[in-house]
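Enquirer: What would the 3D arrangement of this be:
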Amino acid sequence: MHQDVIELRKFYYSRALGRVVQKVLRDRLTQSWPPDQSAGMTVAGYGFAAPLLRPYRGRARRVISLMPGPQGVMAWPPGLPNCSVLCEETAWPLDTGSVDRLVLLHALESGDNPQALLAEASRVLGPGGRMLVMATNRAGLWARSDATPFGFGRSYTAGQLEALARSAGFVTEATGAALYIPPSDRRFWLRSAQMWERTGLRISQMLVAGVTLAEFSKQVQAPIGKTRRVSVPSPLDVLEGIARPKPATGRGKHVREGKGQLSRDG
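Expert: Numbers count the residues shown, from 1 in each chain. Just a heads-up that it's a prediction; the model follows:
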């Protein structure tokens with residue numbers, strides 16, 4: 001079940017809790033992929049990843065926000081040339097191998113076919129491309145509350161994300177977690193969110209986060225099987241069909257007869 005883009009926009013841009021979540025997740029993204037290292041890259045987001053992509057504007061070669069049709073689309077960034085596009089879940093309007101960095105947020109939880117979605121992600125990623133998935137943690141408090149976008153659709157453990165991505169040909173590079181505060185609008189939790197994030201990173205075994213993070217790279221397998229002979233044509237093949245030169249039979253006979261006559265005369 002997809003959430004409406006209007007509700008997602010309200011949460012991330014109008015609600016205090018949503019702005020805190022936006023900052024926490026954006027900080028984790030930029031720690032993994034520093035914006036100052038994105039020059040010449042194409043950075044894309046699918047689902048509702050637009051709130052996380054702003055640091056790459058003006059630094060990356062291209063920034064694109066893909067939003068699924070059942071969710072709806074909004075113009076982004078506001079007041080600037082639009083970089084968002086409405087698309088089918090498994091047919092993105094991007095060339096094969098054209099993306100260097102891809103982030104998924106509110107994507108796998110609500111997609112009709114997560115495996116097909118990851119196959120499309122693999123298609124658009126180029127050699128050496130990276131994908132960062134941010135999905136609701138099945139064991140976290142955020143998955144149990146429908147007061148935020150993380151309480152809708154499927155939730156995942158880190159192991160489930162890895163298995164799903166592996167079946168689509170991805171290799172796991174790193175895993176982590178974020179959102180250690182409860183899904184509450186109370187000022188205490190909002191003001192202490194950064195402190196809880198730092199604490200959670202140190203003692204993650206004791207605190208359960210709301211979001212599971214997993215970074216993957218695209219795996220390109222070498223061809224396997226029986227070796228095939230490659231036939232390289234010879235340059236002399238261009239002469240094929242041209243008859244070999246033959247001696248002029250009449251002239252040769254005359255010369256031979258002349259030689260015989262001289263020998264008899266002598």
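
Enquirer: Could I get the buried residue list for the one helix or strand Ser65 maps to?
Expert: Secondary structure assignment for Ser65, by DSSP states H and E: strand 62-68. Of all the residues in strand 62-68, those buried under the rule 16 or more other C-beta atoms under 10 Å are 63-68. Yep, even glycine has a C-beta here, placed from its N, CA and C like the rest.

Enquirer: Sketch out the low-pLDDT regions of the stretch 101-250 of the chain for me.
Expert: Residues of the stretch 101-250 of the chain that meet the criterion pLDDT under 70 lie in 203-207, 221-250.

Enquirer: Which residue ranges of it form strands?
Expert: Per DSSP state E, counting those that start in this stretch, the stretch 101-250 of the chain carries strands over the ranges 125-136, 170-178, 211-218.

Enquirer: got those as JSON lines, with distance to Ala16 and mean neighbour count columns?
Expert: Listed next are these as JSON lines, based on distance: least, C-beta to C-beta, whole Å; neighbours: other C-beta atoms under 10 Å:
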{"stretch": "strand 125-136", "distance to Ala16": "20", "mean neighbour count": "21"}
{"stretch": "strand 170-178", "distance to Ala16": "18", "mean neighbour count": "17"}
{"stretch": "strand 211-218", "distance to Ala16": "18", "mean neighbour count": "23"}
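
Enquirer: can I get those strands in JSON lines with distance to Ala119?
Expert: Formatted as JSON lines, the strands of the stretch 101-250 of the chain follow (distance: least, C-beta to C-beta, whole Å):
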{"stretch": "strand 125-136", "distance to Ala119": "11"}
{"stretch": "strand 170-178", "distance to Ala119": "10"}
{"stretch": "strand 211-218", "distance to Ala119": "11"}
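
Enquirer: I'd like the distance between Val99 and Leu17.
Expert: Using C-beta to C-beta, to the nearest Å, one obtains 31 Å as the distance from Val99 to Leu17.

Enquirer: ok, now Ala143?
Expert: Applying C-beta to C-beta to Ala143 and Leu17 gives a distance of 16 Å.

Enquirer: Counting neighbours, go ahead and name the busier of these two.
Expert: Ala143 (24 against 20; other C-beta atoms under 10 Å).

Enquirer: can you pull the contacts of the closest residue in space to His2 that isn't next to it in sequence?
Expert: Sequence neighbours aside, Pro70 is the residue nearest to His2 in space, at 4.0 Å (criterion: C-beta to C-beta, 6 or more residues apart in numbering). Pro70 makes contact with 2, 89, 110, according to C-beta atoms under 8 Å, 6 or more residues apart in numbering.
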